[in-house]
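> Sequence first, then the predicted structure:
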Amino acid sequence: MSALAIILVSLLFSAFFSGMEIAFISSNKLRLELEKKQGTLTSRVTSMFARNPGQYIATMLVGNNIALVVYGITMAMILEPWLQMFISSEFSVFLIQTVIATIIILITAEFLPKAVFRLKPNLILNALSVPVMFFYIVLYPVSKSIIGIGNFLMKYVLGTDMSNDDKRNVFGKVDLDHFVRESHSELKEENNVRSDIKLFQNALDFSTVKLRECMVPRPEIAAFEINRPLEEIKQSFIETGYARILIYKKTIDNIIGYINSKDFFKNPGSIRSMLNRIIIVPETMVAHKLLSLFIKEKKSVAVVVDEFGGTAGMVTIEDIMEEIFGEIEDEHDTVDLEEKQLSENEYVFSGRHEIDYLNEKYNLGIPKTDDYETLAGFIIYHHESIPKTNQKLEIAPFTFEILRMSRTRIELVNIKREVDR
């Protein structure tokens, strides 16, 4: 075989091993395991790889290094005599041939294959599983020896035992989340997102949901000072239909408990006699921790406070469960939130609509940060003050017109989205 043919073959093998390494790293291991249920040869092989990631990666690295060594030696045999015709310095010859060989290997056997194989990693793993299995078996003694030496050094030199690393959790939350997101996006393309997929996705995202994202905000809380007449509280229960009313002392930033409507109408007495203890939590607390606290304390209501100790809102066990199961209608849910599409790029929305909801349903692309959850919050955050009725605001690429305001709240907004022509 000519030297040029050896170089081409070694580059091909190097690209193959590099690509299969990145395909494995980028693949969805849970999907590989689920595909094993199909019973095909390729699915069983890829499932075995997923359960032995260390051995697989070691095999790819050994194969790649063998290909690189062959490539380097052969490349030197071709370039060195040719370069010596023009350059007398041995060091310069060595330096130039190293640079040329490195550029070729980086482009053809590293960047290109890794970019291509990363696009459809699971598909490529299944398609090339049989040739990979051949090298997995042939190079097994070498890769196994290297893993053993590495584990020995890690254990006795660095004090870390890696020998059982492959036997730990094969699939983590990341794999599960990746799998559900793939399924979700596939169904989205078909405009047919199944409720169980959405439920699963919500459950995976639940661990990162903060209370500020699911609480009833301060302006919508029904609260009374502890010395207010019972008749006023009774009237509030009747008019609002709320099941709970918060009670504070002197200021709403000092919530001391709450009253249940069933206790109030069943056996009305003094406010203090009907008062239930309430949990106080920070708005940065994650929802799943409060859910555990609710279960432990056998409570269903909590007051959410901001960084200054002021009342930011309230949250119930129903509000938290909505983050997983979707909308559960209770007394605080605003059932008449307006949303109307006037044209392709013009809408009318209630200010209380959540940014996530609007982006998902109307594909608006409104930027989202931790500083706000709703459309009204987005406008106030960027305008840096409370706007007035009929005021127009430019927040590229949107034009907002405030259609209706309460004293401190944006009720209704007209949105126009500018489209590049």
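Arrived safely. Numbering: from 1, shown residues only.

> Could you use CA atoms for every contact and neighbour count after this?
Noted.

> The stretch 301-421 of the chain: strands as residue ranges?
Assigned strands in the stretch 301-421 of the chain, in chain order: 301-305, 311-316, 339-343, 346-350, 392-395, 398-405, 410-417 (criterion: DSSP state E, counting those that start in this stretch).

> can I get the CA coordinates of the first one in CSV?
Just to be clear, that refers to strand 301-305. This file holds the C-alpha atoms of strand 301-305, laid out as CSV (Å, rounded to 0.1, in the frame of the first residue of the first chain):
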residue,chain,number,x,y,z
VAL,A,301,-51.0,28.0,52.9
ALA,A,302,-47.8,30.0,53.1
VAL,A,303,-46.8,33.7,53.0
VAL,A,304,-44.0,34.5,50.6
VAL,A,305,-41.7,37.3,51.7
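
> And that strand, how far out from the chain middle?
26 Å (CA atoms, centre = their mean, to the nearest Å).

> Quick one: mean pLDDT over that strand.
Averaged across strand 301-305, pLDDT comes to 93.

> Can you give the contact residues for that strand?
211-212, 215, 255, 278-283, 294, 311-317 (CA atoms under 8 Å, 6 or more residues apart in numbering).

> Could you do the third one as well?
Applying CA under 8 Å, 6+ apart, the contact partners of strand 339-343 are 347-350.

> list the buried ones in that strand?
Of all the residues in strand 339-343, those buried under the rule 16 or more other CA atoms under 10 Å are Glu339.

> between that strand and strand 410-417, how many degrees?
Interaxial angle of strand 339-343 relative to strand 410-417 (axes from the mean of the first three to the mean of the last three CA atoms, to 10 degrees): 30 degrees.

> now the angle between strand 346-350 and strand 339-343, please.
Interaxial angle of strand 339-343 relative to strand 346-350 (the same axes, to 10 degrees): 170 degrees.

> okay, stretch 33-48 in CSV with CA atoms only?
Listed next in CSV are the C-alpha coordinates belonging to stretch 33-48 (Å, rounded to 0.1, in the frame of the first residue of the first chain):
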residue,chain,number,x,y,z
GLU,A,33,-31.9,1.6,26.4
LEU,A,34,-35.5,1.9,25.4
GLU,A,35,-34.7,1.0,21.8
LYS,A,36,-33.2,-2.3,23.2
LYS,A,37,-36.8,-3.4,23.6
GLN,A,38,-37.1,-3.7,19.8
GLY,A,39,-34.8,-6.7,20.0
THR,A,40,-32.6,-5.8,17.0
LEU,A,41,-28.9,-6.5,17.0
THR,A,42,-27.9,-2.8,16.7
SER,A,43,-30.1,-1.8,19.6
ARG,A,44,-28.7,-4.5,21.9
VAL,A,45,-25.1,-3.5,20.9
THR,A,46,-25.7,0.2,21.6
SER,A,47,-27.4,-0.6,24.9
MET,A,48,-24.3,-2.5,25.9
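
> As JSON lines, the strands of the stretch 301-421 of the chain with distance to Ser236 would be great.
Below are the strands of the stretch 301-421 of the chain laid out as JSON lines (distance: least, CA to CA, whole Å):
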{"stretch": "strand 301-305", "distance to Ser236": "19"}
{"stretch": "strand 311-316", "distance to Ser236": "17"}
{"stretch": "strand 339-343", "distance to Ser236": "28"}
{"stretch": "strand 346-350", "distance to Ser236": "24"}
{"stretch": "strand 392-395", "distance to Ser236": "36"}
{"stretch": "strand 398-405", "distance to Ser236": "23"}
{"stretch": "strand 410-417", "distance to Ser236": "22"}
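
> circling back: out of the contacts of strand 339-343, what pair is the most spread apart?
Spatially, the most separated pair among those is Tyr347 and Ser350, at 10.2 Å (CA to CA).

> Among these two, which residue is more densely surrounded?
Between Tyr347 and Ser350, counting by other CA atoms under 10 Å, Ser350 is the more crowded of the two (21 against 17).

> Beta-bridge partners for that one, please?
Counting by DSSP bridges, Ser350 forms beta bridges with Leu412.

> mind checking how far it is from Ala5?
Applying CA to CA, to the nearest Å, the value for Ser350 to Ala5 is 69 Å.

> And the longest helix along the chain, what does it pack against?
Determined from DSSP state H, the single longest helix within the chain is helix 53-84. When contacts are defined as 3 or more CA pairs under 8 Å, 6 or more residues apart in numbering; DSSP states H and E, helix 53-84 sits against helix 3-26, helix 90-106, helix 129-138, helix 140-156.

> just those: most buried one?
helix 3-26 (a mean of 20; mean count of other CA atoms under 10 Å).

> Can you tell me the number of residues neighbouring Arg44?
Neighbour tally, Arg44, other CA under 10 Å: 19.

> Please name the nearest non-neighbouring residue to it.
Nearest residue to Arg44, sequence neighbours excluded (CA to CA, 6 or more residues apart in numbering): Lys36, at 5.2 Å.

> what sits against the one you found?
Taking CA under 8 Å, 6+ apart as the test, what Lys36 contacts is 43-44, 47.

> from what I can see, it looks like it's in a strand, true?
No. Assigned with DSSP: H, G, I helix; E, B strand; the rest coil, Lys36 falls outside any strand and is helix.

> And it, how far from Ala127?
From Lys36 to Ala127 the distance is 14 Å (CA to CA).

> Make sure Asn359 is actually in contact with Gly365.
Yes. If you go by CA atoms under 8 Å, Asn359 and Gly365 touch, sitting 5.6 Å apart.

> what stretches of the stretch 151-300 of the chain score poorly on pLDDT?
For the stretch 151-300 of the chain, the stretches flagged by pLDDT under 70 are 159-205.

> Check whether Leu32 really touches Ala50, as I assumed.
Yes. Between Leu32 and Ala50 there is a contact under CA under 8 Å: 7.3 Å.

> circling back to that earlier point, what angle do the longest helix of the chain and helix 3-26 make?
150 degrees.

> Give me the mean pLDDT for helix 53-84.
90.

> Kindly report the same for stretch 96-111.
Averaging pLDDT residue by residue across stretch 96-111 gives 90.
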